[in-house]
Every structure is written in structure tokens, then in C-alpha cells.
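*Asks:* Take this sequence and fold it.
(one chain, ligands or ions: 1)
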Amino acid sequence: MSSSREHSKVVIIGGGVSGLTLATFLHKSGVPCIVLERRERAYVEVRQRAGVVEARGVRMFEQWGLADKLLGGPVAQTIDYRVNGNSRIFEMGVDDGTQGRFCTQQMLVNNLLRELIDVMAGDVRFGVADIALRNDKDSRPQVTYADAGGSHVIDCEHVVGCDGNLGVSRASIPDGVLHTTTHEFGYAWLAALVEAPVTGHPIMAVSDHGFAAQLPRGPHRSRYYLQCTLGDRIEDWPDERLWDEIRLRMGDAAIGIAQVHDKDIIALRSVVHAPMQYGNLFLAGDAAHLVPPTGAKGMNLALHDVDVLARALVRAAVDGDRSMLDAYSDTCLPHVWKYQEFSAWMTDTMHDAGDPALHGEFRQAIARARLDTLFESPLAGRLHIEFQRGMV
Ligand code: RFL
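*Replies:* Purely as a prediction, here's the structure:
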């Protein structure tokens with residue numbers, strides 16, 4: 001066993017979508033960085049979650065000259081907001097040219113790994129353990145970790161915590177520095193990845209029996225989401241019950257059984273930790289905030305953070321100007337709160353409009369009225385489109 005000591009401008013903790021995107025932007029700008037990821041590469045490559053990069057994210061990748069290397073083709077600009085089996089197709093067509101693009105999170109991560117490691121020879125260290133960081137106000141940050149070869153120290157100028165909600169970065173900030181705002185929605189989703197494509201439009205189905213959605217995850221697969229009770233376990237949802245509930249909530253008795261690859265239960269909650277920085281440590285993505293998946297914004301919000309942060313780190317490295325870094329949290333938080341608002345709006349509307357046992361008949365009726373407004377008011381429809389595209 002040996003020990004090593006080295007230096008890098010930036011150390012990024014976490015090699016998920018935010019860590020890898022940030023590292024790719026920094027490498028492209030000539031700013032050296034090291035990514036430390038606790039999982040092995042094979043694990044990171046197959047983790048499946050989001051499905052679409054919104055229009056704002058597409059524009060961001062275009063500006064960094066990476067859109068065509070990383071993203072798939074344009075996505076269908078429609079959603080079937082189905083109420084008790086009655087389809088209403090919401091068209092999201094806009095005329096300014098930038099469309100969201102199909103890109104599962106797994107596909108984006110794999111393309112980033114290829115670009116960062118194979119093309120740019122970036123430094124991503126997988127399977128590392130015991131990551132710890134020192135981020136005193138008066139000294140330069142230091143990150144330590146262990147691997148099969150021994151223990152290692154990296155002295156750096158900035159550390160970025162891209163290690164998700166349960167990582168070590170945010171946990172290293174002294175008590176009392178961060179203010180955490182949390183909202184629990186009081187219910188959960190069963191998420192099931194199945195070997196069956198979306199055949200028409202992506203579906204968000206409001207139903208008296210509870211919410212369900214079917215969203216595309218590639219040419220052969222889709223993910224179903226079903227509202228369930230907090231405390232439900234995977235064992236409570238055998239495949240037979242899953243397909244019965246899908247047919248019931250989608251209002252389509254003809255839906256056939258397909259192979260179910262995995263099931264997961266996710267409690268729906270919103271969380272914001274502020275400020276998103278402390279000393280020379282900056283938090284990005286799920287390390288800084290969580291949104292309920294109803295608005296499909298978590299990955300897209302992470303991409304916004306790292307866009308702001310990459311520009312600030314490049315400015316600091318190239319010009320020695322820290323002003324953008326100092327303003328990082330203040331720059332990101334208004335955007336974070338707009339995405340929280342949209343995600344909460346979507347979550348409340350889709351669930352309140354469904355089972356009246358959830359929040360009562362009054363909330364059911366006004367949530368359905370809200371959905372009607374989307375279709376009947378061009379102004380309301382336009383705002384919804386702008387939120388979906390991430391342009392608000
Ligand atoms: P990630 O992707 O979780 O990556 C964090 C990385 O940090 C590593 N890590 C550590 N590394 C070193 N040391 C430690 N101590 C570490 N602790 C953790 C982890 O192994 C991992 O590699 O967070 P990141 O990069 O901030 O990205 C956030 C997104 O992953 C997340 O917001 C989205 O997946 C949310 N999300 C969706 N977002 C969308 O924009 N559209 C969607 O349709 C969408 N669908 C979803 C979702 C999230 C879901 N779940 C699982 C909550 C659907 C689901 C089911």
C-alpha cells in the first residue's frame with residue numbers, strides 16, 4: 001500500500017450526470033479537474049432515470065459545441081394528458097427552433113464518459129472509497145480518498161459536490177451554514193422499467209384510481225409510474241397487480257403484459273439547500289436540491305447548475321476573477337425555485353385531479369379545471385410549454 005499527493009485546479013466528487021458534464025465543460029476549456037466516483041464504471045453506465053434533455057439544456061450543449069456528440073434526436077412535442085381514459089393531446093410545438101432531445105440519462109452518461117475519457121483523456125477515478133474533504137475558510141481545500149493502491153491526497157483550489165443527495169460533500173459543511181427547505185407530498189411512485197415502447201404519445205394519466213404515466217425510454221422500452229402509498233414496498237406490487245393498475249388507470253383494457261426490468265419506490269418530495277456553496281466548495285445537482293420526478297426536471301436542473309458553475313470556474317481559472325463563483329448560489333437559486341414551482345404544480349395537479357380520496361372533491365375539481373385551462377387558454381398553454389422547455 002502506498003500513498004500519493006498531487007494537485008488539481010478542481011476536484012469533482014461524484015461521476016453522475018452533473019459531475020461528468022461539468023468535467024467535460026472544464027476539459028473543453030482547458031481547466032484541469034479530477035472526478036472521484038465511488039461506484040465502478042460498469043455501474044454508472046447502466047443507471048437509468050431521466051429520458052429527455054429539455055430545450056434549454058439542448059441550447060446549453062449547443063453553446064458548448066457538444067449537442068450532436070451527446071444527445072439523441074428531437075423528441076415528440078406532445079403529451080397525452082388523459083383523464084379517466086379520455087385522451088387530450090397537448091402540443092408543445094414552438095417556432096424558435098430549439099426542441100428538447102431524446103436522451104435517456106444512461107445514454108447521456110455513456111456519451112459523456114466516451115467524450116471525457118476516450119476523446120479528451122479526462123481523469124475519472126471510479127471505485128474510490130472513503131472520500132473526505134477539508135474546506136477550511138483560511139486554507140486551500142484538500143480531498144482525500146482510498147483505493148486498492150492506498151490512500152491519496154489531492155490539493156486543489158475548488159471542490160464541487162456532485163455526489164447526489166446522500167453524498168459526503170454537503171455533509172462536510174458545518175451545521176448551521178445551510179438552510180434546508182423541504183416539502184413532502186405525502187405519497188410515492190412505483191417506477192417500473194418495461195420492455196414495451198410508448199406507441200402513441202407520452203402519457204400522463206389522471207384517474208379516479210390514482211395517477212399513472214408512461215414515458216419513453218428508448219425505442220423498445222418505457223417507464224411506467226404509478227402513484228402509490230408512502231410505505232408501500234416492492235413486494236406489494238407483483239407484476240399482476242402492476243399491469244391491472246396500469247390498465248385501470250390508463251383506461252385501456254388492451255394493454256398487454258411485457259417484461260418488467262426493475263421496480264423502484266420513490267417518495268415524492270422537494271428539497272432545497274441554500275446557499276449552494278461554502279468557502280471553496282460548490283454543490284450542484286441532487287446534492288443541492290431534489291424535485292419530485294413529475295415535472296422531469298431533476299437532471300435538467302443539474303445541467304443548469306453545472307453550466308453556471310463551469311463558466312464561473314473557467315473565469316476564475318483563466319482571469320483570476322472570482323465574481324461569478326461568489327455569485328454562483330445567487331445565480332442558481334431563482335432558477336431552482338422556478339423548477340420547484342413547476343414540479344410542485346405538476347405533482348399537485350396530476351395527483352389532486354385523480355383519486356378524490358387523496359385531497360377531497362374540491363381539490364379534484366379545481367385540479368381538473370386547471371388542466372382544462374391548459375387546453376382552452378393559449379396563454380396558459382404557452383406558459384406550460386415554456387416551463388416544459390425550461391425557458392422560464
Ligand atoms: P446522480 O446522478 O445521483 O450522481 C451522483 C453520483 O455521485 C456518486 N456518489 C459519490 N461519489 C463519490 N463519493 C461519494 N461519497 C458519493 N456518493 C455518491 C454516485 O454514485 C453517483 O454516481 O446525481 P446528479 O449528477 O446530481 O444528477 C441528478 C439526476 O440524476 C437526477 O436529478 C435525475 O435522475 C432526476 N430524475 C429525472 N430528471 C429529469 O430531468 N427528467 C426525468 O425524467 C427524471 N426522471 C429522475 C427521474 C429521478 C428518479 N429517481 C431515481 C429519483 C426518474 C426517477 C425514478
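
*Asks:* Tell me which other helices or strands the helix or strand containing residue 344 touches.
*Replies:* For residue 344, the element it lies in under DSSP states H and E is helix 328-352. Counting contacts by 3 or more CB pairs under 8 Å, 6 or more residues apart in numbering; DSSP states H and E, helix 328-352 packs against strand 179-194, strand 260-274, helix 298-319, helix 356-376. Glycine gets a C-beta too; all of them are placed from N, C-alpha and C.

*Asks:* ok, and which of those has the densest surroundings?
*Replies:* helix 298-319 (a mean of 22; mean count of other CB atoms under 10 Å).

*Asks:* quick one: that helix to helix 328-352, angle?
*Replies:* Angle of helix 298-319 versus helix 328-352, following axes from the mean of the first three to the mean of the last three CA atoms, to 10 degrees, is 170 degrees.

*Asks:* All the helices of the stretch 51-200 of the chain, in order from the start?
*Replies:* 55-63, 67-70, 105-113, 168-171 (DSSP state H, counting those that start in this stretch).

*Asks:* Contacts for the second one, please.
*Replies:* Put plainly, it is helix 67-70. 58, 61, 101, 103, 108, 111, 112, 115 (CB atoms under 8 Å, 6 or more residues apart in numbering).

*Asks:* The first one: neighbour count?
*Replies:* Close neighbours of residue 58, defined as other CB atoms under 10 Å, add up to 24.

*Asks:* same question, the last one
*Replies:* Counted by other CB under 10 Å, the residues lying close to residue 115 total 19.

*Asks:* Likewise for the fourth one?
*Replies:* Residue 103 has 24 neighbours, counted by other CB under 10 Å.

*Asks:* Enumerate every residue touching it.
*Replies:* By CB under 8 Å, 6+ apart, the contact list for residue 103 reads 51, 52, 53, 70, 71, 72, 111.

*Asks:* From these, list the ones also adjacent to the ligand.
*Replies:* Contacts with the ligand are made by residue 51 out of the contacts of residue 103, judged by CB under 6 Å from any ligand atom.

*Asks:* Let's have the contacts of residue 103 in a markdown table, adding neighbour count.
*Replies:* Shown next, in a markdown table, are these (neighbours: other CB atoms under 10 Å):
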| residue | neighbour count |
| --- | --- |
| 51 | 25 |
| 52 | 24 |
| 53 | 29 |
| 70 | 22 |
| 71 | 21 |
| 72 | 16 |
| 111 | 18 |
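
*Asks:* wait, which of the contacts of residue 103 is closest to the ligand?
*Replies:* residue 51 (5.1 Å; CB to the nearest ligand atom).

*Asks:* for that closest one, what are its contacts?
*Replies:* 102, 103, 104, 105, 215, 216, 217, 223, 296.

*Asks:* Distance to residue 173 and pLDDT for the residues you listed - can I get that in CSV?
*Replies:* Below are these laid out as CSV (distance: CB to CB, whole Å; pLDDT from 0 to 100):
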residue, distance to residue 173, pLDDT
102, 37, 86
103, 32, 89
104, 32, 88
105, 27, 91
215, 35, 93
216, 38, 89
217, 35, 86
223, 34, 95
296, 29, 93
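
*Asks:* taking those residues one by one, which sit in strands?
*Replies:* 102, 215, 216, 223 (DSSP state E).

*Asks:* Specify the beta-bridge partners of the third one.
*Replies:* Just to be clear, that refers to residue 216. residue 222 (DSSP bridges).

*Asks:* Measure how the helix holding residue 344 sits relative to strand 260-274, angle-wise.
*Replies:* 130 degrees.

*Asks:* mind checking pLDDT for the residue positioned nearest the centre of the chain?
*Replies:* In the chain, the centroid-proximal residue (CA atoms, centre = their mean) is residue 299; its distance is 2.1 Å. Note on residue 299: pLDDT of 97.

*Asks:* ok, now which ones touch it?
*Replies:* Counted by CB under 8 Å, 6+ apart, residue 299 has contacts 17, 49, 50, 53, 105, 108.

*Asks:* could you redo the last one with a cut-off of 10 Å?
*Replies:* By CB atoms under 10 Å, 6 or more residues apart in numbering, the contact list for residue 299 reads 16-18, 21, 49-54, 57, 103-105, 108-109, 285-286, 291, 293.

*Asks:* Determine if any part of stretch 222-229 is in contact with the ligand.
*Replies:* No - judged by CB under 6 Å from any ligand atom, stretch 222-229 makes no contact with the ligand; its nearest approach is 7.4 Å.
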